[in-house]
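*Asks:* generate coordinates for the sequence data below:
(chains A and B)
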There are 2 protein chains.
Amino acid sequence: MLYGAIEGGGTKFVCAVGASPQEMHESVVLPTSDPQSTLAACVEFFAAAERKFGALDALGFACFGPLDLRTDGPTFGHMLATPKAGWSGVDLLGPLRSRFSVPIAIDTDVAAAALAEWRLGAGRGFGSVAYVTVGTGIGADIAPRDRNVRRLMHSEMGHIAVRRDPRDTFAGVCPFHGDCLEGLASGPAIYKRWGCELAELPPEHVAWQVIGSYLGQLAATIALVLSVEGIVFGGGVMASGLLLPHIRTAAAATLRGYLQPLAHEGALDGYITAPLLGTRAGIVGALLLAELARGSDR
Amino acid sequence: MLYGAIEGGGTKFVCAVGASPQEMHESVVLPTSDPQSTLAACVEFFAAAERKFGALDALGFACFGPLDLRTDGPTFGHMLATPKAGWSGVDLLGPLRSRFSVPIAIDTDVAAAALAEWRLGAGRGFGSVAYVTVGTGIGADIAPRDRNVRRLMHSEMGHIAVRRDPRDTFAGVCPFHGDCLEGLASGPAIYKRWGCELAELPPEHVAWQVIGSYLGQLAATIALVLSVEGIVFGGGVMASGLLLPHIRTAAAATLRGYLQPLAHEGALDGYITAPLLGTRAGIVGALLLAELARGSDR
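*Replies:* Numbering: from 1, shown residues only, chains lettered A, B, ... in the order given. So this is what the prediction gives:
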């Protein structure tokens, strides 16, 4: 079997081929430029891979969003309106489809990372998980997902409204909502408030508690609304590992023992966890998408 | 085919038998007393129905929660800790199983109502819907649901944290959270604040906007987190029909055009709707659960 995978981000595209999600043959990192050149470079990588390893069996594309994922619509697999110049409305699958006649699955980079952490990472063994990435933006999605169920679009839970921490008067940076979760707790929001990254602030700085309180509210909302069996927090802002205890404390303070399976002492330590795959989650998720497209797995 | 259905509530249990969810033969309303007597009365109703209509093929049980729905656990189908005296920990399926050797499906009353409105009510034609009931408590769940996915428990989104309406200083009535959504916007919260039901207040009373703002935040959270194609608001507090426009206005004010499929003028009129099945949603949902248990449908 030969699976092809793309992880499309705002600054770089990663392409890879592998015999399975656990067995990658080779990969390449391409700078994100205009959509035509970027997607053409992806096609070129896979064409070269076919000459080396034989014909592709399926492709998986994990892309930054927002994406049109309505399988029954005429613009399935197109980019929705995005601040990323030149990318709004782009048909992401067209260039791949016109070169490779294989099944292709597409999803957001966050949903792919959720799939990867659930199948092969920190969420292994859980019936269902949510994956949250806290970086330039805040994105979150769940795995597994019933792909036959038609939805409005993908999850956009990084933009939920949160209650203000009384110590925090920052206006927020979200161009739509100002002080939604992403507006208050994303990397740029941290930088604009305190002039540096969270990891550069001392552990006793109020920023840790403030950001933890907002992300803890997201964790509580995920537990109440989605009732997944675990939540994995990844992304650049989480990298130091010091934020996780603050998130657990805030989630516990919000839930107050209401959800019985999480009411016992220490329950949130196992419920809210760090990722295992780190920065590999996206490309591994894209390989899992290819496997899904091939129909060799759920 | 003969399906049996129970809608178990805090004050009454409804039992019914039918050839399909659309074709009910007969039903009975029983007062909720202690669990043993109540469940015995249900068994008795179905035993009498079998003498009249022949053998049951499957049973569906839509019950007030919280419920243990972990199919792989030893206490599947038991009531979790509940303020309803005598009902905590009760094995809801035991009495039925010891009398009827048919497949039985159990879910919360809210999840069953969601299923009913999606399949046969206001959510017909949508790929996925959320159903919210606003009454003594606030409950919400979605349909369809992949029943093979193991979750923590069922949705408890009535207890999400909401942002305070600045005109509202009420402390809230939720014994766990005080001023969570249910604490602020349920029937008892309305009564405690204003001394009457919402429908008894004039349309220009601030209560309509305050309660609408909280429920609109839930609608926005549902759209962002679950991305369902529609949201149905039912329950006693919704009965007058006057609250729905306030919920739509508040949801729009929270989302601010961020979700592209809901960004156009009037989009929320079709997205946030009234139920079609009214008080029948629970028992119809229980019949649909029986149908699911029989495996004759997804």
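
*Asks:* what is the neighbour count of A:Glu200?
*Replies:* Residues lying near A:Glu200 (other Cβ atoms under 10 Å in any protein chain shown) number 13. Backbone N, C-alpha and C define where each C-beta goes, glycine included.

*Asks:* got the phi and psi for the most centrally placed residue in chain A?
*Replies:* Chain A has A:Val110 as the residue nearest its centroid, 1.7 Å off, counting by Cα atoms, centre = their mean. Per-residue torsions, A:Val110: phi -70, psi -40 (degrees, to the nearest 10).

*Asks:* for it, what are its contacts?
*Replies:* Counting by Cβ atoms under 8 Å, 6 or more residues apart in numbering or on different chains, A:Val110 makes contact with A:Gly65, A:Tyr131, A:Thr133, A:Gly139, A:Ala140, A:Asp141, A:His154, A:Ser155.

*Asks:* and the fifth one, which of the three is it?
*Replies:* Under the three-state scheme (DSSP: H, G, I helix; E, B strand; the rest coil), A:Ala140 adopts strand.

*Asks:* wait, isn't it in contact with A:Ala130?
*Replies:* Yes - A:Ala140 lies in contact with A:Ala130 (Cβ atoms under 8 Å); the separation is 5.8 Å.

*Asks:* tell me how many other residues crowd A:Gly195.
*Replies:* 9.

*Asks:* again, but for A:Arg124
*Replies:* 12.

*Asks:* swap in A:Gly18?
*Replies:* A:Gly18: 23 surrounding residues under other Cβ under 10 Å.

*Asks:* quick check: it is in a strand.
*Replies:* Yes - applying three-state DSSP, one finds A:Gly18 inside a strand.

*Asks:* would you mind measuring from it to chain B?
*Replies:* 27 Å (Cβ to the nearest Cβ, to the nearest Å).

*Asks:* pretty sure that residue contacts A:Ala5?
*Replies:* Yes - taking contacts as Cβ under 8 Å, A:Gly18 lies within contact range of A:Ala5: 7.2 Å.

*Asks:* between these two, what contacts are shared?
*Replies:* Shared contacts of A:Gly18 and A:Ala5, counting by Cβ under 8 Å, 6+ apart, come down to A:Leu287.

*Asks:* returning to what we had before: excluding chain neighbours, give the residue nearest to the residue nearest to the centre of chain A in space.
*Replies:* Spatial nearest neighbour of A:Val110, chain neighbours left out: A:Gly139 (3.9 Å); criterion: Cβ to Cβ, 6 or more residues apart in numbering or on different chains.

*Asks:* contacting residues around the one you found?
*Replies:* A:Gly139 neighbours (Cβ under 8 Å, 6+ apart): A:Gly65, A:Thr108, A:Asp109, A:Val110, A:Val132, A:Thr133, A:Ser155, A:Met157, A:Gly158.

*Asks:* let's see that with 7 Å instead.
*Replies:* Contacts for A:Gly139 were tallied using Cβ atoms under 7 Å, 6 or more residues apart in numbering or on different chains; they are A:Val110, A:Thr133, A:Gly158.

*Asks:* could I get the residues you listed as TSV with pLDDT and distance to A:Ala253?
*Replies:* What follows is the contacts of A:Gly139, written out as TSV (pLDDT from 0 to 100; distance: Cβ to Cβ, whole Å):
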residue	pLDDT	distance to A:Ala253
A:Val110	98	26
A:Thr133	98	23
A:Gly158	97	21
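
*Asks:* and of those residues, the nearest to chain B?
*Replies:* A:Gly158 (8.3 Å; Cβ to the nearest Cβ).

*Asks:* my read: A:Ala49 touches A:Val17, true?
*Replies:* Yes - A:Ala49 lies in contact with A:Val17 (Cβ atoms under 7 Å); the separation is 4.4 Å.

*Asks:* residues shared between the contacts of these two?
*Replies:* By Cβ under 7 Å, 6+ apart, the residues touching both A:Ala49 and A:Val17 are A:Gly4.

*Asks:* can you list the residues of the stretch 1-150 of chain A near chain B?
*Replies:* For the stretch 1-150 of chain A, the contact set with chain B under Cβ under 7 Å from any Cβ of the partner chain comprises A:Pro66, A:Leu80, A:Ala81, A:Gly127, A:Ser128, A:Pro144, A:Asp146, A:Val149, A:Arg150.

*Asks:* 6 Å instead, please
*Replies:* For the stretch 1-150 of chain A, the residues in contact with chain B (Cβ under 6 Å from any Cβ of the partner chain) are A:Leu80, A:Gly127, A:Ser128, A:Asp146, A:Val149, A:Arg150.

*Asks:* separation between A:Asn148 and A:Leu115?
*Replies:* A:Asn148 sits 16 Å away from A:Leu115, going by Cβ to Cβ, to the nearest Å.

*Asks:* same deal with A:Val232?
*Replies:* Separation of A:Val232 from A:Leu115 (Cβ to Cβ): 11 Å.

*Asks:* out of those two, which sits in the more crowded spot?
*Replies:* A:Leu115 (32 against 29).

*Asks:* and the residue of chain A positioned farthest from its centre, what element?
*Replies:* Farthest-out residue of chain A from its mean C-alpha position, per Cα atoms, centre = their mean: A:Arg51, at 31.7 Å. Using DSSP states H and E, A:Arg51 maps to helix A:35-53.

*Asks:* in that helix, what counts as buried?
*Replies:* A:Pro35, A:Thr38, A:Leu39, A:Ala41, A:Cys42, A:Phe45, A:Phe46, A:Ala49, A:Glu50 (16 or more other Cβ atoms under 10 Å in any protein chain shown).

*Asks:* three-state assignment of the residue lying closest to the last one once chain neighbours are set aside?
*Replies:* The shortest distance from A:Glu50 to any non-neighbouring residue, by Cβ to Cβ, 6+ apart, is to A:Leu56 (6.0 Å). The three-state label given to A:Leu56 by three-state DSSP is coil.

*Asks:* burial measure for A:Gly183, as a count.
*Replies:* Neighbour count for A:Gly183, taken as other Cβ under 10 Å: 24.

*Asks:* could you check how far A:Asp34 is from chain B?
*Replies:* Distance from A:Asp34 to chain B, counting by Cβ to the nearest Cβ: 22 Å.

*Asks:* isn't that residue right up against A:Trp87?
*Replies:* No - using Cβ atoms under 6 Å, A:Asp34 is not in contact with A:Trp87, being 8.4 Å away.

*Asks:* what about the two, which has more around it?
*Replies:* Shown here are A:Asp34 and A:Trp87; by other Cβ under 10 Å, A:Trp87 has more neighbours (20 against 12).

*Asks:* just the pLDDT for A:Arg298.
*Replies:* On pLDDT, A:Arg298 comes in at 38.

*Asks:* can you show me the helices along chain A?
*Replies:* Here chain A has its helices, by DSSP state H, at A:35-53, A:94-97, A:109-120, A:181-185, A:187-194, A:206-225, A:244-255, A:267-271, A:281-294.

*Asks:* surely A:His25 and A:Cys15 touch.
*Replies:* No - the pair A:His25 / A:Cys15 is not scored as a contact, 11.4 Å apart, by Cβ under 6 Å.

*Asks:* coming back round to it: any idea which of the helices of chain A is most buried?
*Replies:* Sort those by mean neighbour count, taking mean count of other Cβ atoms under 10 Å in any protein chain shown, and helix A:109-120 sits at the top with a mean of 28.

*Asks:* just the CA trace of that one, in CSV.
*Replies:* These are the backbone C-alpha positions of helix A:109-120, laid out as CSV (Å, rounded to 0.1, in the frame of the first residue of the first chain):
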residue,chain,number,x,y,z
ASP,A,109,-5.4,20.0,10.2
VAL,A,110,-7.0,20.1,13.7
ALA,A,111,-9.4,17.2,12.9
ALA,A,112,-6.5,15.2,11.4
ALA,A,113,-4.4,15.8,14.5
ALA,A,114,-7.4,14.7,16.7
LEU,A,115,-7.6,11.5,14.6
ALA,A,116,-3.8,10.9,15.0
GLU,A,117,-3.8,11.5,18.7
TRP,A,118,-6.8,9.3,19.2
ARG,A,119,-5.5,6.4,17.0
LEU,A,120,-1.8,6.5,17.7
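
*Asks:* next, the angle helix A:281-294 makes with that helix.
*Replies:* Helix A:109-120 and helix A:281-294 are oriented at 80 degrees to each other (axes from the mean of the first three to the mean of the last three Cα atoms, to 10 degrees).
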